[in-house]
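# fold the following.
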Amino acid sequence: MRLRGQGLRLTAIVGETDTYQHKPLYHEIVRRAREAGLAGASVFRGVEGFGASSAIHTARLLSLSEDLPVAVVIVDDEQRVRDFLPELDELVTEGLVLLDEVEVIRYAGRERP
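Numbering: from 1, shown residues only. Here you go, the predicted model:
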């Protein structure tokens, strides 16, 4: 798959302990993105944050949280990302979903043997 030029970045910020059918929610989002044929998805674990509940979650030793924020980031062309949004409506019941226009400069993977 070639991806270059204008695209759309979807970022879903959820809690690390959020689940879907007893598995991590972020894993289900990545699985469905792959199943939908999107260009790729990455999960980033936050070290500190707060959301709509205003409770601060942190990785600092003295106030260690078990529910740190995680961001699932997906980039693809606009229509493919927008077509994926109904999947997120089903999965993300608490959290934040963002869309940003981006310019893809390079998208390359390893050659498979």
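
# in the longest helix along the chain, what counts as buried?
The longest helix of the chain (DSSP state H) is helix 78-91. Within helix 78-91, the residues that qualify as buried are 80-81, 84, 88, 91, counting by 16 or more other C-beta atoms under 10 Å. For the C-beta atoms, the positions are set from N, CA and C on the backbone; glycine is no exception.

# let me have those residues in JSON lines, extended by distance to Val70.
Listed next are the buried residues of helix 78-91 as JSON lines, based on distance: C-beta to C-beta, whole Å:
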{"residue": "Arg80", "distance to Val70": "22"}
{"residue": "Val81", "distance to Val70": "19"}
{"residue": "Phe84", "distance to Val70": "18"}
{"residue": "Leu88", "distance to Val70": "14"}
{"residue": "Leu91", "distance to Val70": "13"}
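
# with pLDDT added, can I get these in TSV?
Below are those laid out as TSV (pLDDT from 0 to 100):
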residue	pLDDT
Arg80	96
Val81	97
Phe84	97
Leu88	93
Leu91	95
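
# this structure: helices as residue ranges?
With DSSP H as the criterion, the chain has helices at 25-35, 78-91.

# confidence-wise, which helix or strand of the protein is lowest on average?
When each helix and strand of the chain is scored by mean pLDDT, DSSP states H and E, strand 57-58 comes last, with a mean of 62.

# what is the neighbour count of Gln6?
Neighbours of Gln6 under the rule other C-beta atoms under 10 Å: 10.

# can you tell me how far it sits from Ala108?
18 Å (C-beta to C-beta, to the nearest Å).

# how near is the most centrally placed residue in the chain to Asp100?
The residue lying closest to the centre of the chain (C-alpha atoms, centre = their mean) is Val72, at 1.4 Å. Shown here: Val72 relative to Asp100, a distance of 14 Å by C-beta to C-beta.
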